[in-house]
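Q: Predicted model and sequence follow; I will ask about them next.
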Amino acid sequence: MNEGILHKVREMNPLVHNMTNQVVMNFSANGLLALGASPIMANAKEDAAEVARQSDGLLLNIGTVGEEQLDAMILAGKAANEQEIPVVIDPVGVAATSYRTKLFESLLSEVQPTVIKGNAGELAHLIGRKLETKGVDFVGETDPTEVAEEVARNCGTSVLCTGKTDIVTDGNRTLKNETGTALLTQITGAGCLLGSVVTAYLSVGEDVLESAHAAAAYYGKKAEIAASQTDVRGPGTFLSHFIDQLAGEDMG
Amino acid sequence: MNEGILHKVREMNPLVHNMTNQVVMNFSANGLLALGASPIMANAKEDAAEVARQSDGLLLNIGTVGEEQLDAMILAGKAANEQEIPVVIDPVGVAATSYRTKLFESLLSEVQPTVIKGNAGELAHLIGRKLETKGVDFVGETDPTEVAEEVARNCGTSVLCTGKTDIVTDGNRTLKNETGTALLTQITGAGCLLGSVVTAYLSVGEDVLESAHAAAAYYGKKAEIAASQTDVRGPGTFLSHFIDQLAGEDMG
Amino acid sequence: MNEGILHKVREMNPLVHNMTNQVVMNFSANGLLALGASPIMANAKEDAAEVARQSDGLLLNIGTVGEEQLDAMILAGKAANEQEIPVVIDPVGVAATSYRTKLFESLLSEVQPTVIKGNAGELAHLIGRKLETKGVDFVGETDPTEVAEEVARNCGTSVLCTGKTDIVTDGNRTLKNETGTALLTQITGAGCLLGSVVTAYLSVGEDVLESAHAAAAYYGKKAEIAASQTDVRGPGTFLSHFIDQLAGEDMG
């Protein structure tokens, strides 16, 4: 595991601008603080770009986005692109409605992400495919790795496809991560916070794929450790211990 | 206790569309995940109806509602009504201001709820009465059961009136529930999450009164068990353990 | 420590109107409930003033404020001023962007705060100075106590400047508080919730400086006790135990 990037996060304390959904704002802020980064939330059209320009990384998560926040995201994203600040886009629920699909397309036509982070279903939707899932298993013929690679090539970006196995790819080179626990699927915002953590890693790391992979590996490993604590008896106690673990000094 | 409905929730994993207040979004999502349902939050006017149509149940909670979200709620509620998807309306704070009273009236004139869930004070306000309370005790002559039954008859709906004793009624038939713990009154969103849980139960149950009653009974029982854990020393640790309990397999 | 004010909070159960940022709404509500106060959140322009007039205290926190919420805050703040209800203003992130600086100036030109609560960097910005910080230490020549006193005199208000040492001042008389723990800096909203707690204390206390000081002292002491619990192993478990402690009966 690449612990060098985590150490850099803690040393440099990067400012991560989170434009994220209303459900997870508190959890994402606490997770980033635990990690050693500095979260800032600013969704107003009037100052999103100014905040983005001061930040070390920008997360755009469309989970509860509407027209107004979309405009602000585009302004912030363009500002980040101009200054070569890493941008992570998380297309939460992009496949749920035609409106969200359209909003996401507007966003992607204006802002160049460093990484698109989504689950296999969301990513498949971006290239016009449909992934049939049953529980946690994919049924049907589509392979998540192929989906991730195709999205990466189509969008000229790197992709983190989350799942039991996380896939990190730029369309040519592909890394995988197996850390994690089922409890992450039983709390809200686990994927959203991972997007923020990836943004923090990208803001200090040198190689995009390595950084995204290290973020996912650390996140999953810390979740595993939290899940194994004797005080953890379900998703509620897991939440508290997972934040503790993210703040921990070592991988013990 | 009717455990059959809980098993159905876990088997069918119903999609519950939560249009709820900003204070409790995270807690409600985590509570529904723990229960075994799938929460979705979508408040934009542009896609609230599309999300509602895909969902198995719709919760409308007016705790922090403004004009925009009200319009979205009406669109979603009408879509749910058309497709006979159960709708729970929670008139949080309806008596607090004349504005909220008016918003709630608009909502109720356009959307037919399956269940109205509120406390005795909120429900009394809906029929033009005022319930005098002192601490947890009602003083004065108004009986919560009568209030709940009158609201049910007036609105042609079922009613869940929460309190030390929960009252479930359609105006003719009335069920009561005694499970619960005072700690539920010391955390924010306990009533709001119950609204979401009732929506999940209605989405899989057959009988409205039985389903609402089973939801309240399960919720209160799980809260009792959480409150009795040795690790629980106040409302903060109670919160975590309550989520754990909601996720538990049995009524142990 | 002045426990008399806490007892009054628990006896009178003051209604505290929180117009605060989206990140901390849930945490602030739970913290106020634990303390023994009654939180209410109402951000709509249409009823913010009506809610403020019924409340015992009003908190205005600009952490995620936009034009709309600002208008509502001004209406609520004016209503509170007219009725001599205490108003706490928390200029979260006021120095972050020129937009926030401008919004804050509009707010302050219309609403007279009882207390401005901020950290030294935010307060310094209000009087056109810049506090250089490195980690938790101030570098450079500006002294936080001087900053707090100057803000108090300039704005004709009392000031609570948070930090390792909290400073409470009206520009003439100055009190200090040393309670607290570093874990408070590792969770989001610790400063925001303190603003709500100060509002609750002001709503029942007689002397502004004494009340603000007692609130900060209690808050920090309870955080210290929470941090020392054997079950607390990081910021996640600290959060739960801190809420427990705020709800506790004694200072034990």
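A: Alright, I've got the coordinates. Please read all numbers here as calculations on a predicted model, not as lab measurements.
Q: A:Ile5: what's it in contact with?
A: A:Tyr201, A:Val204, A:Gly205, A:Glu210, A:Ser211, A:Ala214, A:Ala215 (CB atoms under 8 Å, 6 or more residues apart in numbering or on different chains). Where C-beta positions appear, they are placed from N, C-alpha and C, glycine not excepted.
Q: what is the rounded mean pLDDT of the helix or strand encompassing it?
A: A:Ile5 is part of helix A:3-12 when elements are defined by DSSP states H and E. For helix A:3-12, the mean pLDDT works out to 94.
Q: got the buried residues for it?
A: Neighbour counts over helix A:3-12 (16 or more other CB atoms under 10 Å in any protein chain shown) mark A:Ile5, A:Leu6, A:Lys8, A:Val9 as buried.
Q: cool, and stretch A:83-91?
A: Neighbour-count burial for stretch A:83-91, counted by 16+ other CB under 10 Å, picks out A:Ile85, A:Pro86, A:Val87, A:Val88, A:Ile89, A:Asp90, A:Pro91.
Q: how near is the fourth one to A:Asn18?
A: Put plainly, it is A:Val88. A:Val88 sits 10 Å away from A:Asn18, going by CB to CB, to the nearest Å.
Q: what do the two both touch?
A: What both A:Val88 and A:Asn18 touch, as defined by CB under 8 Å, 6+ apart, is the set A:Leu59, A:Ser196, A:Thr199.
Q: out of those, who has the most neighbours?
A: Compared across the shared contacts of A:Val88 and A:Asn18, A:Thr199 has the highest neighbour count, 34 neighbours, by other CB atoms under 10 Å in any protein chain shown.
Q: could I get stretch A:200-216 in PDB with only the CA atoms?
A: Taking C-alpha atoms only, stretch A:200-216 is exported to PDB below (Å, rounded to 0.1, in the frame of the first residue of the first chain):
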ATOM      1  CA  ALA A 200      -7.400  14.900  -1.300                       C
ATOM      2  CA  TYR A 201      -5.000  12.200  -2.600                       C
ATOM      3  CA  LEU A 202      -4.900  13.700  -6.100                       C
ATOM      4  CA  SER A 203      -4.100  17.100  -4.600                       C
ATOM      5  CA  VAL A 204      -0.800  15.900  -3.200                       C
ATOM      6  CA  GLY A 205       0.000  12.800  -5.300                       C
ATOM      7  CA  GLU A 206       2.100  12.800  -8.400                       C
ATOM      8  CA  ASP A 207       0.600  10.000 -10.500                       C
ATOM      9  CA  VAL A 208      -3.200  10.100 -11.000                       C
ATOM     10  CA  LEU A 209      -3.700   6.300 -11.100                       C
ATOM     11  CA  GLU A 210      -1.400   5.600  -8.200                       C
ATOM     12  CA  SER A 211      -3.100   8.300  -6.100                       C
ATOM     13  CA  ALA A 212      -6.600   7.200  -6.800                       C
ATOM     14  CA  HIS A 213      -5.600   3.600  -6.200                       C
ATOM     15  CA  ALA A 214      -3.900   4.400  -3.000                       C
ATOM     16  CA  ALA A 215      -6.900   6.300  -1.800                       C
ATOM     17  CA  ALA A 216      -9.300   3.400  -2.500                       C
END
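Q: is chain C contacted by it?
A: No - in terms of CB under 8 Å from any CB of the partner chain, no part of stretch A:200-216 sits within range of chain C; the closest distance is 14.7 Å.
Q: What's the mean pLDDT across that stretch?
A: On average, stretch A:200-216 scores 98.
Q: correct me, but A:Asp166 touches A:Leu160?
A: Yes - assessed by CB atoms under 8 Å, A:Asp166 is found in contact with A:Leu160 at 6.5 Å.
Q: coming back round to it: in CSV: the buried residues of stretch A:83-91, plus pLDDT.
A: Below are the buried residues of stretch A:83-91 laid out as CSV (pLDDT from 0 to 100):
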residue, pLDDT
A:Ile85, 98
A:Pro86, 98
A:Val87, 98
A:Val88, 98
A:Ile89, 98
A:Asp90, 98
A:Pro91, 97
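Q: tell me the SS of the closest residue to A:Thr237 other than its chain neighbours?
A: Leaving out its chain neighbours, the residue that sits closest to A:Thr237 by CB to CB, 6 or more residues apart in numbering or on different chains is B:Ser240, at 4.9 Å. Assigned by DSSP: H, G, I helix; E, B strand; the rest coil, the conformation of B:Ser240 is helix.
Q: which residue is nearest the centroid of chain A?
A: By CA atoms, centre = their mean, chain A has its centre lying nearest to A:Gly195, at 1.6 Å.
Q: Please report the distance of it from chain C.
A: Using CB to the nearest CB, to the nearest Å, one gets 16 Å for the distance from A:Gly195 to chain C.
Q: So which bits of the stretch 101-250 of chain A are right by chain B?
A: So the stretch 101-250 of chain A meets chain B at A:Gln186, A:Ile187, A:Thr188, A:Gly189, A:Asp231, A:Arg233, A:Gly234, A:Pro235, A:Gly236, A:Thr237, A:Leu239, A:Ser240 (CB under 8 Å from any CB).
Q: my guess is A:Asn21 meets A:Gly66, correct?
A: No - using CB under 8 Å, A:Asn21 makes no contact with A:Gly66, being 10.8 Å away.
Q: all strands of the stretch 101-250 of chain A, in order?
A: For the stretch 101-250 of chain A, the strands defined by DSSP state E, counting those that start in this stretch cover A:115-119, A:132-134, A:137-139, A:158-162, A:166-169, A:174-177.
Q: So which of the ones you listed is the most surrounded?
A: strand A:158-162 (a mean of 28; mean count of other CB atoms under 10 Å in any protein chain shown).
Q: Give the other helices and strands that that strand contacts.
A: When contacts are defined as 3 or more CB pairs under 8 Å, 6 or more residues apart in numbering or on different chains; DSSP states H and E, strand A:158-162 packs onto strand A:115-119, helix A:120-126, helix A:144-155, strand A:166-169, helix A:190-204, helix A:208-227.
Q: what's the last one packed up against?
A: Helix A:208-227 sits against helix A:3-12, strand A:115-119, strand A:158-162, strand A:166-169, strand A:174-177, helix A:190-204, helix A:235-246, with contacts defined as 3+ CB pairs under 8 Å, 6+ apart.
Q: mind checking which of the ones you listed is nearest C:Gln112?
A: Among the helices and strands packed on helix A:208-227, helix A:190-204 comes nearest to C:Gln112, with 38.1 Å by CB to CB.
Q: any idea of the angle the closest one forms with strand A:158-162?
A: Between helix A:190-204 and strand A:158-162, the angle comes out at 150 degrees (axes from the mean of the first three to the mean of the last three CA atoms, to 10 degrees).
Q: so where's chain A shaky on pLDDT?
A: Along chain A, segments meeting pLDDT under 70 span A:1-2, A:132-141, A:250-252.
Q: Contact residues of it facing chain C?
A: Checking chain A against chain C by CB under 8 Å from any CB, the hits are A:22, A:25-26, A:29-30, A:33-34, A:39-44, A:46-47, A:50-51, A:54, A:231, A:239-245, A:247-248.
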